[in-house]
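Enquirer: My questions concern the predicted model and sequence given below.
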Amino acid sequence: MTNARWWLLLAVLAVACVAGLAIGPVPIGVVDVLRALTGSGDAQAVAIVRDLRLTRVCLAAITGAGLGMSGAALQGTLRNALAEPYLLGVSGGAAVGAVLAVVAGLTAAVALPVAAFSGAAAAVALVLVIARVASGRADPRVLLMAGVVVGAFANAAIMVLLAGAGEGTVRNALWWMMGSVAGAEWATIRWLALYAIAAGILLVAVARDIDLLALGEDAAAGLGVRVSNATRRVFLLSALLAAVTVAGAGLVGFVGLVVPALARAFGIRRARELLVASAVLGAALVVGADVVARTVRAPAELPLGAVTALIGVPFFLVRLRRAA
Amino acid sequence: MPRGRPRGGGRIAGALGVQGSFPGRSEPVVFSATCRRNRRVALAPALAPALAPALAPAPARARALVLSLVLSLAACAAPRDDRASRETPDAASRDVPSAAPLVDDFGDTLRLARPAERVVSLNPVTTEALFAMGADARLIGRSRWDASPPEVRRIPDLGDGIQPNVEAVLAARPDLVVLYAAEANRTAAAAFRRAGVQTLSMRTDRIADLARVLHALGIAVGGSAAARVVADSVRRSLDAVGARGAGQPPLSVFWYAWPSPIITIGAGSYLDELITRAGARNVFGDLAQPSPQVTLESVAARNPDLILAGPVSSARLRADPRWRAVRAVREGRVFVFDTSLVGRPGVRLGEGARSLRALIDSAAHALRASTTRSAP
């Protein structure tokens, strides 16, 4: 891929971030926004830009990058352009893990992504087992159906967990499940960024395996890949990325579906580049979606998951038609 | 369900706006104002037995209250207006359901051959109102959210008030189920009626709703006179609070009802009315919904003079650095309201209004102090 394309991708992300920092109910000019970022200028503007807008932009960027990479890795490994963490029930599993942690009183910023990850990993394992039992070899369509089933099961499990909870907990949990970066705080962003960057780097490191797996399991094995080990590694890293986004921003669907497809439309094919481009585009998409979520119905805000679903579902239908 | 959950309980005495401590004494202090309009003192002995059945199993405090009601009725049983006198054409023969059919907020007509004797009230506002009317002996069930008055705990808890467990309620064999008229309760109301149980579904969202609700409850349990006394005293205790002096600029208020997502109050809420009555202005009063969800930055943009928050929300607010974006938070004008007083638009509205007025006054004081400090 040419350098110009990379610059274009980065420019898209930069525009989204500037929009995220400059747009809001309190009018602050772009110059003042930049000054506020450095901590100088009006105290009110500094507080709004740094603590309200920058936190949202950062969490949205982490969420988008994580979901984009997770989707790109899953699509390559499963050889299925419709695979993504939300549709595969991975995010749902992460949500169960996170809700379990909250119900058990574990709400520390370090622990929540770990709890979400155990749920996500369990969901991945369950999806793969169901798909294999149902169709011998993992049929892409059966896999998606297994994902939907596991997602529905995760939903039901959350409802059961919440049945005995107080009114307040239920309201918090339902809001969180619709996806939102409104709760972004530096204390949690730090940990989420750490997990996401680590998982992202590891995923890029195994990008060659993803390329080979995309050729088919037999071909990959013939080229010296230990298929089941490599597959498991990619799935676990994808699950970790998805879990980090769920712990931070709840259920935000379809980003992992839309973003790798857009990256491919840029002419990107190799997994390593696809992963990086998906991270950049995913960050831009979710930062932009958050700007939409908090301005369309201001002073209220729409759930972020609803905005990404409104973008993603038509996209999914188009791709489904093309895949059929 | 109205937002919030009252914790702890106020006293029934407070419900009626009685000043000072009430339990143990039964002087009808507050009601004396009604008596100036008194014309039919002779009705009193007839009314007392009408209310007497409600007395028997009630605890001492409630009994004292009802006694005081009866005493005050004895002095001033005259209906206050023509409509009221039509409802009770012959007060001496008890309050029978009136000839004009009572239609509730679901459009259902209340058809009772005689006053309801086994009442399930699934709305904390109506439960508390029935206690205040001295009709608590007729209560055989309540919702799990009921907490006021404290005596309410001896009434069996029948579960949720929105989308109630119809079968559990029917098992208590009620002759009347009082519901909050939320859309989600339509199915339940229809189910109760199909099962031959009368329902009274009333909205309790605005201040004006309370008088309608008391009127309807009065007819339903045959206690119209008591209901009127309660309604009158709530109205008077509200009026007594009054607004801040003219000429003072109205303070703007952000009401922080819930932290995630941030929920405040809009024009559809009785709290918006209470804030206006206290001489302040709700910064989100332009939103029609009773409990709109808003972003933190929009709170900063509307720059309220003070923030009124519940105990949970205010603790969250103090712990969260992002709230420093709001000037009132930076300058320390966050005031904690008593959820048990203002959580519901019930018979203790007067008390709630008084406590809000006090909070707003102290905010005005703090604001004056800070402006004089910052002046050279």
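Expert: Arrived safely, thanks for sending.
Enquirer: ok, A:V110 to chain B distance?
Expert: Separation of A:V110 from chain B (Cβ to the nearest Cβ, to the nearest Å) stands at 18 Å. In short, each C-beta sits where N, CA and C put it, glycine included.
Enquirer: Check the offset of stretch A:272-284 from the chain's centre.
Expert: With Cα atoms, centre = their mean, to the nearest Å as the basis, stretch A:272-284 stands 12 Å off its chain's centre.
Enquirer: Please point out which parts of it sit buried.
Expert: Across stretch A:272-284, burial judged by 16 or more other Cβ atoms under 10 Å in any protein chain shown covers A:272-284.
Enquirer: got a list of contacts for stretch B:269-276?
Expert: The contact list for stretch B:269-276, computed with Cβ atoms under 8 Å, 6 or more residues apart in numbering or on different chains, reads B:205-207, B:209, B:253, B:255, B:265-266, B:281-282, B:285, B:290-291, B:342, B:345, B:349, B:352-353, B:356, B:360.
Enquirer: Now do the SS call for the residue of the stretch 101-250 of chain B found nearest chain A.
Expert: Here the stretch 101-250 of chain B gets closest to chain A at one residue, B:W145, 8.3 Å apart by Cβ to the nearest Cβ. Here B:W145 is recorded as coil under DSSP: H, G, I helix; E, B strand; the rest coil.
Enquirer: where do the strands sit along the chain?
Expert: Since you didn't name a chain, this refers to chain A. Taking DSSP state E as the test, none of chain A falls into strands.
Enquirer: I was after chain B.
Expert: B:102-103, B:109-110, B:119-121, B:139-142, B:176-180, B:198-202, B:251-256, B:280-282, B:306-309, B:334-336.
Enquirer: Can you add pLDDT and distance to B:I219 and give the buried residues of stretch A:272-284 back as JSON lines?
Expert: Below are the buried residues of stretch A:272-284 laid out as JSON lines (pLDDT from 0 to 100; distance: Cβ to Cβ, whole Å):
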{"residue": "A:R272", "pLDDT": "94", "distance to B:I219": "77"}
{"residue": "A:E273", "pLDDT": "94", "distance to B:I219": "76"}
{"residue": "A:L274", "pLDDT": "95", "distance to B:I219": "72"}
{"residue": "A:L275", "pLDDT": "96", "distance to B:I219": "71"}
{"residue": "A:V276", "pLDDT": "96", "distance to B:I219": "72"}
{"residue": "A:A277", "pLDDT": "96", "distance to B:I219": "71"}
{"residue": "A:S278", "pLDDT": "96", "distance to B:I219": "67"}
{"residue": "A:A279", "pLDDT": "97", "distance to B:I219": "67"}
{"residue": "A:V280", "pLDDT": "96", "distance to B:I219": "68"}
{"residue": "A:L281", "pLDDT": "96", "distance to B:I219": "65"}
{"residue": "A:G282", "pLDDT": "96", "distance to B:I219": "62"}
{"residue": "A:A283", "pLDDT": "97", "distance to B:I219": "63"}
{"residue": "A:A284", "pLDDT": "97", "distance to B:I219": "63"}
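Enquirer: Can you list which of those residues are found in helices?
Expert: A:272-284 (DSSP state H).
Enquirer: wait, what's in contact with the residue nearest to B:V213 when sequence neighbours are not counted?
Expert: Closest residue to B:V213 apart from its sequence neighbours, by Cβ to Cβ, 6 or more residues apart in numbering or on different chains: B:M202 at 4.8 Å. B:M202 is in contact with B:104-105, B:123, B:126, B:178-181, B:209, B:212-213, B:216, counting by Cβ under 8 Å, 6+ apart.
Enquirer: Turn those residues into JSON lines, including pLDDT and distance to A:L174.
Expert: Listed next are these as JSON lines, based on pLDDT from 0 to 100; distance: Cβ to Cβ, whole Å:
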{"residue": "B:D104", "pLDDT": "94", "distance to A:L174": "30"}
{"residue": "B:D105", "pLDDT": "94", "distance to A:L174": "27"}
{"residue": "B:N123", "pLDDT": "95", "distance to A:L174": "23"}
{"residue": "B:T126", "pLDDT": "96", "distance to A:L174": "27"}
{"residue": "B:V178", "pLDDT": "96", "distance to A:L174": "28"}
{"residue": "B:L179", "pLDDT": "96", "distance to A:L174": "24"}
{"residue": "B:Y180", "pLDDT": "95", "distance to A:L174": "20"}
{"residue": "B:A181", "pLDDT": "94", "distance to A:L174": "23"}
{"residue": "B:D209", "pLDDT": "93", "distance to A:L174": "28"}
{"residue": "B:R212", "pLDDT": "95", "distance to A:L174": "32"}
{"residue": "B:V213", "pLDDT": "95", "distance to A:L174": "30"}
{"residue": "B:A216", "pLDDT": "95", "distance to A:L174": "33"}
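Enquirer: For the residues you listed, which single residue is the most surrounded?
Expert: B:V178 (32 neighbours; other Cβ atoms under 10 Å in any protein chain shown).
Enquirer: of all the ones in helices among the buried residues of stretch A:272-284, which comes closest to A:R190?
Expert: A:R190 lies nearest to A:A283 out of those, by Cβ to Cβ, at 17.1 Å.
Enquirer: roughly how far apart are that closest one and chain B?
Expert: Relative to chain B, and taking Cβ to the nearest Cβ, A:A283 is found at 21 Å.
Enquirer: so where's the stretch 101-250 of chain B uncertain?
Expert: Residues of the stretch 101-250 of chain B meeting the criterion pLDDT under 70: B:243-247.
Enquirer: What's the separation between A:V225 and B:W255?
Expert: To B:W255, A:V225 is 60 Å away according to Cβ to Cβ, to the nearest Å.
Enquirer: More neighbours: which of the two?
Expert: Neighbour count, other Cβ under 10 Å: between A:V225 and B:W255, B:W255 has more, with 27 against 20.
Enquirer: Can you say which of the strands of chain B is nearest to A:A182?
Expert: That would be strand B:251-256 among the strands of chain B, by Cβ to Cβ, at 14.4 Å.
Enquirer: Mind listing residues that contact that closest one?
Expert: Residues from elsewhere that reach strand B:251-256, judged by Cβ under 8 Å, 6+ apart: B:262, B:264-265, B:271, B:275, B:279-284, B:299, B:302-310, B:313-314, B:317, B:326, B:328, B:360, B:363-364, B:367.
Enquirer: Among these, which are located in helices?
Expert: Reading helices off the contacts of strand B:251-256 with DSSP H, I get B:271, B:275, B:299, B:302, B:313-314, B:317, B:328, B:360, B:363-364, B:367.
Enquirer: So which of the residues you listed wins on neighbours?
Expert: B:L271 (28 neighbours).
Enquirer: Could you report the pLDDT at that one?
Expert: Note for B:L271: predicted pLDDT of 93.
Enquirer: distance of it from B:P164?
Expert: B:L271 sits 25 Å away from B:P164, taking Cβ to Cβ as the criterion.
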